Structure formats: C-alpha cells, structure tokens
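Chemist: Coordinates for the following, if possible.
(chains A, B, C and D)
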2 protein chains.
Amino acid sequence: MKEKVTIYDIAKALNITAATVSRALNNNPKISEATRTLVIETAKKMNYEQNRFALALKSGKSNNVGVVVPFINRNFFSSIIRGIEEELYPKGYHVIICQTHEDTKKEEETVQNLLNAQVDGILMSVSKTTQQLRHFKKVLKSNTPLVFFDRIKEIDGVSTVTIDDFQGGYIATKHLIDMGCTRIAHATVDLALDIYKYRFEGYKEALNDHGIPFKEEYIIKTKSDIDAGEKAIKKLMKLKNAPDAIFSASDFAALGAIQELTKLGVKVPNEFAVVGFSNEPFTQFMELSITTVDQSPVEMGKMAARVFLEQMKEPTLKIMKKVELSPELIVRKSSSSLTAKQQTNI
Amino acid sequence: MKEKVTIYDIAKALNITAATVSRALNNNPKISEATRTLVIETAKKMNYEQNRFALALKSGKSNNVGVVVPFINRNFFSSIIRGIEEELYPKGYHVIICQTHEDTKKEEETVQNLLNAQVDGILMSVSKTTQQLRHFKKVLKSNTPLVFFDRIKEIDGVSTVTIDDFQGGYIATKHLIDMGCTRIAHATVDLALDIYKYRFEGYKEALNDHGIPFKEEYIIKTKSDIDAGEKAIKKLMKLKNAPDAIFSASDFAALGAIQELTKLGVKVPNEFAVVGFSNEPFTQFMELSITTVDQSPVEMGKMAARVFLEQMKEPTLKIMKKVELSPELIVRKSSSSLTAKQQTNI
DNA sequence: TAGATTCGTGCAATCGATTACATGAAAGTT
DNA sequence: AACTTTCATGTAATCGATTGCACGAATCTA
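Modeler: Now for the predicted structure:
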C-alpha cells in the first residue's frame, strides 16, 4: 500500500543520482547550495523518511540502547527507566526494555540478545544472583558501551552510576542518633550485594563516630519484604537489651517492622524509631509516614544515560566513569514526632 | 575487533555459496539433509548470529514493537509493560518504550517515530489530552497493527484491551451498598475519558439497581491526587445531607479523602466508607488499608501482547478484537470493619 | 592559451540476508 | 540410448543508504 519514499525516488524526481541526494541530506560540503536546498525541499515534500535499517546495516549502529533490570514494575527501576528514556529520546535513541527476573541465566541470554540486536549500548542493573561475569566481558569485547546503575559489578572499562550507599546508611543512622536513639538495630538484606554492604558500613561508621558501640545482635539479615520486617522485630524485641530504633535497608521491611511494633504495643516513633531505604511511594502515603532515604532514581537514570552519551561522543576513547549520587534523607513521622506535624501537608 | 560472522564466512569455510547457507539455516526443503546439518553445525561452531538489520532491511520487519504510555513510572503502566515484555520476549520481539507525558504533541511525534523505526506493531494507552486521531490513522495506513490498552479510542481496525470499567464501578458501589451505606458519593476524574465515564455509569447503575436515588450533588470532579480527595471531602461534608461513603475513581483521591475524613474526626470505615480504584501498591500497605478495584495490569499487558501476536499470525486478515478483562474488588479496611481483621495478615 | 585546480556530481561497491531463476548432475522413464 | 524429471546448488538482483574514486566542467594560474 503505503510505498516508502527512498532517496532513489527523490533522485528520480530531480533527475540526479541517489548519491547526490544522500550527500545533500547529510550536509556533505561537496554539494552545491542550490541542489542541497532543492533536495531537502523535495525530500520534505515527498515525505521522505530515512530507512533506519539500511543505515544500521551500513553503519552497524542501531540507535537503540538496551536497558536491563530485574523487574520493570518496581518503582525504583521504572523511575530509572523514565530518566533514561527522557534523556535519550531527544537524541534519537530508542530504549529497549528487558527484565531478568533476578535470574542470571535470563540476564546472560538477554545481554547476548541485545548484542545480536546490535544495540549501541547497554545500561543495566545486575541481577542479585549474578556471579559469573563472562557475559559482561563479551559486551566489552564487542565494543558496546556498558553502564551499570545501582547494582553494579566492578569490571574494568564499565562505567557505573550509583548512589552513595555508605552515606545513605550513615545519614539514616545519624538521624536516629540525633533523635536520641542509642540502641539502633539494622536490618540488611544481602551483604553480598554492594549496595547493602555499604549501607551497613555507613551504619557502623555513624555509630562509631558517635561513640555508640556496635552490637552484632542488632544486625538482622532479612529479605526485602513486609514479612521479613515483622520477623526481625519479633527477634529483636526478645533481646535482653532490646533496641529503640531500627534502620532498615528496605522500605518494605521497615513497614513490616512498624506493623509488628504496633501489634506489640510499642509506640512509633515515641518508643521506637524506624527509618527505611528507597523512598518507595507508599512510605509517604502511610498514616504513619516512614522516614527513608531517597535515591533520586529518575536522576540516576538520566545520569546513566548521560554517561552513555558521553561515551558515544568519543568512540575512540575508552571512558570509564564512576558517578555517585548523593542520597537524601527524608524525615517523616516514623522517626520524629517533632517533624511529624511539618510533614502532614503532603 | 570483533568481526561478526556472516553467512558468507560460513559459505567460504564450506566452499559453497551464501545462498545455500541461507537456505540451510532457514530449513528450505530444497537443501539436502547432509549440507543442512553441515551448515548448521559450522554456523554454531563459528558463532554465527543472524544480522537483524539485513533481515529487517530485506523483509521490512524489525521484530520490535513500540509501547507508548503517558509515564512509565506509574505502577499501573509499568505493570502492563511487564506483562507485554514477558509475553513478547520469548517470541523474539523487543519492546521499545516511549512516554508521552500526557502530551498529544509528543504522542503524535512518538507514534510517527515508531513508524519510521518500522516497528512491527504499536501497543499504547492514549494520552488524556488526545483529541485528534490523525496519527492513529497513519499507523493503520502503514499496515502496522495497533492495539490500545486501558485508555482507548474507538477507531475502526484498532483492537482494544480494557477492563470492564462499568463493572468496576458497579461492584465498587454495590459493595458500599452491601456494607449498608445509602448516601454514596462519587469522585470522578475526567468524564471525557471512557474509563472514568464507564466507572461513573457503573456507579449509577448500581445505585439504580438497589433503589438508591442518584444525587448530582454527590458527584465531584477532581484530579487524580491526594489533594483532590481532600477537597472533595471538604465539599461533600458541608452538604446538608452529607454522604456516608465515597467511591473514588482514583486511589490517590481515595487516600486524600481518608486523610481529610480523619482530620475532620470522621471514623473510617465505621462512619464513612471509602473505596478507591486501581489497587495502587500503597492501598494495601496503609495501616487503614484501602478497598479498591484491581485492574490486573500485568494480565492486561499480556493480553494486549497476545492480541498483537494474533494479528501477526494472520498478516492478510484485518483482525479487530475487543477484549474486556474483569476487574476484581479487593475489600480492605477502609470500607469494612468486618473484613478488616481478615485482611490484617498481608 | 595551455595546464593545473577546484568543484559538483555520477558510478559502483558495500553492509548481510533472501530468493526468483538458471544450471548441471543424477535419477527415472520408455 | 535418448529424453524427461527431480534435486541440489549456484548466480545475481534486491532491500536503502553511504562513500571512495572517477570524471567533466568551470575557474584559476602563469
């Protein structure tokens, strides 16, 4: 039906060759001003659109980038993707979304797949289960820019965009200390993942800086869900010297903690303060809104995209950049009866 | 560096022509069994990967589909995309994500863009502001399958996947009636959008079926945010005959309503019941969890993908399918003190 | 004015895969 | 034995855009 207009059609219409048309459209300086404008005008008139595949075939560049995340329908990741899309779309790139379901196998397969699709770059957050780095090496070998965000692996030649999880853990903990808490527990998730390791270390450093002894019994390794938070509190409140606050590396666990504390009759925040991590949307909507650490995911996505673009500008150079965004503590009711009133007007 | 292996390389290695290799790899029946297996084996050995661009250029098919939504970092949309991706990835399609920011201009531009990129199909949810349908007609003219989900426009030849918003409005309202409410208000958003119109009509029908007179003063047109919900309650509670329940077409407005009610000292759900719509994640996490209507967005995404695949299977046929998923009422505390206890264990 | 530059354009190969048509060998038919 | 089929493979065009090289005309140089 709809015949696509090609440069040959334009050439025929103007009685010149396709080569001239191509050059005119690409602002090749060897073309006379007269024919250039003529070509450009007729191109517009004929509704010419460059065929991306022909271009891709010739150049090897697709103008697509692959974005790989565990799940797209997690606020944190979808916000990152939003940032990436908003940064890359105006530059003519299309964003291809893939999910790994936290499964290394699928991750490897997906990466290989994107490579076959000759994406111009891959931006990704590594699956929890990933140990093997072979598939990333393949990406580098194929000269495709690779940018990790949030969940990274240290690989030579790979740029990374993270938030400063250490600082995040530090400010969260310091805030609890400032609020007068002295027996601060910490719920972590998986210390094999850098993000949790650094949050934990920030926690320890804050304690240390304020002369509060670190207690192993206050550290609970949980999953990142509500149930885990409840269990953590159950365990913690049985201790002889039960804590008076918890910094949870997960908002969901923080929520579970609050629910369990309420069930036990412990008043939050007066008797027990809670701080989460991630600024999941629900934390602000709760009646007892939850203090948490914001990771500015949209900004993180934009930054990852910018790092990629920078690499594309210098295809000959091997750029390796490490960007660390600053986390922001968002104080809400779960940790501060004082500010509770200020925070009421959402 | 990394030289890509082509069928010519394989051909050279086996001292045959590329045509034979191509045919062997495509299971063309004219190729002898011997050479076929030989070719396939060496292809594997040489790590051959088909060049998607060459294929795309020749066939005009990209194996990409475009997905267009207002914002990707909205739980509803990101969940739909998750469904789409999970359904399409195994079939070899890549999903290209685009956002319209609820802006018709950007929507038109995006659609045009996807068309240029020769996607094999476009799945989208229409922007709120879209009136003009020209860009959709263009899609149809180019013979690209178009599937609308959730926010649709009635266009001949376009398949749609929606939930039965009428039924959603109906069961939400009926639930309130069953709970003993008799003065049920309704907060809607934009009656120009079908989804809200149908929810409203379901509401009216439910009232009607149960002999409850419809009152214009109980209908509030708001935006879909917390603030809007608060304002709605302020207005409603000033009425001489104030309502005892509200069915909000937006979860956010429902939340705002609850907050305002609490501020006014009205007990939810005992004195006033609230039902929202969409099953946003926060509705279940609230201390006073919110009754809402679930739209099974992942399922909706999968369905949209399946409708697309069906169309691809029959390229000659013009398939126009209308799928309507059933919404599900999720009863939580905000409307039912009885079930409140059952719902405690999340 | 002859020869050297410069300029604008055309020619043709290339990117990698597919496919209608041609070809030649083997097998079958009478 | 001569002829027709069948079968497997090769030849070459095609998809659309890019680009090094060639070429003729116009302009410049001495």
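Chemist: Now do the strands in the stretch 1-150 of chain A.
Modeler: A:64-69, A:94-99, A:121-124, A:146-149 (DSSP state E, counting those that start in this stretch).
Chemist: Including mean neighbour count, mean pLDDT and distance to DNA strand D, could these go into JSON lines?
Modeler: The way it works is simple: take the backbone N, C-alpha and C, and place the C-beta from them, glycine included. Compiled in JSON lines, the strands of the stretch 1-150 of chain A are given as follows (neighbours: other C-beta atoms under 10 Å in any protein chain shown; pLDDT from 0 to 100; distance: least, C-beta to the nearest atom of the strand, whole Å):
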{"stretch": "strand A:64-69", "mean neighbour count": "25", "mean pLDDT": "97", "distance to DNA strand D": "17"}
{"stretch": "strand A:94-99", "mean neighbour count": "24", "mean pLDDT": "97", "distance to DNA strand D": "17"}
{"stretch": "strand A:121-124", "mean neighbour count": "26", "mean pLDDT": "97", "distance to DNA strand D": "20"}
{"stretch": "strand A:146-149", "mean neighbour count": "26", "mean pLDDT": "97", "distance to DNA strand D": "25"}
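Chemist: Which among those strands is found nearest to DNA strand C?
Modeler: strand A:64-69 (16.7 Å; C-beta to the nearest atom of the strand).
Chemist: Output the strands of the stretch 1-150 of chain A in CSV; the columns should cover distance to chain B.
Modeler: Formatted as CSV, these follow (distance: least, C-beta to the nearest C-beta, whole Å):
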stretch, distance to chain B
strand A:64-69, 7
strand A:94-99, 5
strand A:121-124, 13
strand A:146-149, 14
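Chemist: Relative to residue A:182, which of the ones you listed is closest?
Modeler: The minimum distance between residue A:182 and the strands of the stretch 1-150 of chain A falls on strand A:146-149, with 36.0 Å, by C-beta to C-beta.
Chemist: packing partners for that closest one?
Modeler: strand A:121-124, helix A:134-141, strand A:159-163, helix A:297-313 (3 or more C-beta pairs under 8 Å, 6 or more residues apart in numbering or on different chains; DSSP states H and E).
Chemist: And chain B, is stretch A:325-341 touching that?
Modeler: No. Using C-beta under 8 Å from any C-beta of the partner chain, no contact is recorded between stretch A:325-341 and chain B, whose separation bottoms out at 11.3 Å.
Chemist: Other residues contacting that stretch?
Modeler: Under the contact criterion C-beta atoms under 8 Å, 6 or more residues apart in numbering or on different chains, stretch A:325-341 has outside partners A:161-165, A:167-168, A:171-172, A:175-176, A:179, A:245, A:254, A:258, A:268-270, A:273-276, A:279, A:283-284, A:286, A:288-296, A:299-300, A:303, A:343.
Chemist: Identify those among those residues that sit within helices.
Modeler: Within the contacts of stretch A:325-341, residues falling in helices by DSSP state H are A:165, A:167-168, A:171-172, A:175-176, A:254, A:258, A:283-284, A:299-300, A:303.
Chemist: Turn the residues you listed into JSON lines, columns for pLDDT, neighbour count and distance to DNA strand C.
Modeler: As requested, those are exported to JSON lines (pLDDT from 0 to 100; neighbours: other C-beta atoms under 10 Å in any protein chain shown; distance: C-beta to the nearest atom of the strand, whole Å):
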{"residue": "A:165", "pLDDT": "97", "neighbour count": "25", "distance to DNA strand C": "42"}
{"residue": "A:167", "pLDDT": "97", "neighbour count": "22", "distance to DNA strand C": "47"}
{"residue": "A:168", "pLDDT": "97", "neighbour count": "28", "distance to DNA strand C": "46"}
{"residue": "A:171", "pLDDT": "98", "neighbour count": "20", "distance to DNA strand C": "51"}
{"residue": "A:172", "pLDDT": "98", "neighbour count": "27", "distance to DNA strand C": "52"}
{"residue": "A:175", "pLDDT": "97", "neighbour count": "21", "distance to DNA strand C": "56"}
{"residue": "A:176", "pLDDT": "97", "neighbour count": "30", "distance to DNA strand C": "59"}
{"residue": "A:254", "pLDDT": "96", "neighbour count": "29", "distance to DNA strand C": "52"}
{"residue": "A:258", "pLDDT": "96", "neighbour count": "27", "distance to DNA strand C": "57"}
{"residue": "A:283", "pLDDT": "94", "neighbour count": "25", "distance to DNA strand C": "50"}
{"residue": "A:284", "pLDDT": "92", "neighbour count": "16", "distance to DNA strand C": "51"}
{"residue": "A:299", "pLDDT": "97", "neighbour count": "17", "distance to DNA strand C": "38"}
{"residue": "A:300", "pLDDT": "97", "neighbour count": "23", "distance to DNA strand C": "35"}
{"residue": "A:303", "pLDDT": "98", "neighbour count": "23", "distance to DNA strand C": "33"}
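Chemist: Taking these, tell me the two that lie furthest apart.
Modeler: Once C-beta to C-beta is applied, the ones in helices among the contacts of stretch A:325-341 give A:258 and A:303 as the farthest pair, at 32.0 Å.
Chemist: now the residue of the stretch 51-200 of chain A found nearest DNA strand C: how far from residue B:151?
Modeler: Across the stretch 51-200 of chain A, the shortest distance to DNA strand C (C-beta to the nearest atom of the strand) belongs to residue A:58, at 3.8 Å. Plainly put, residue A:58 is 39 Å away from residue B:151 if you go by C-beta to C-beta, to the nearest Å.
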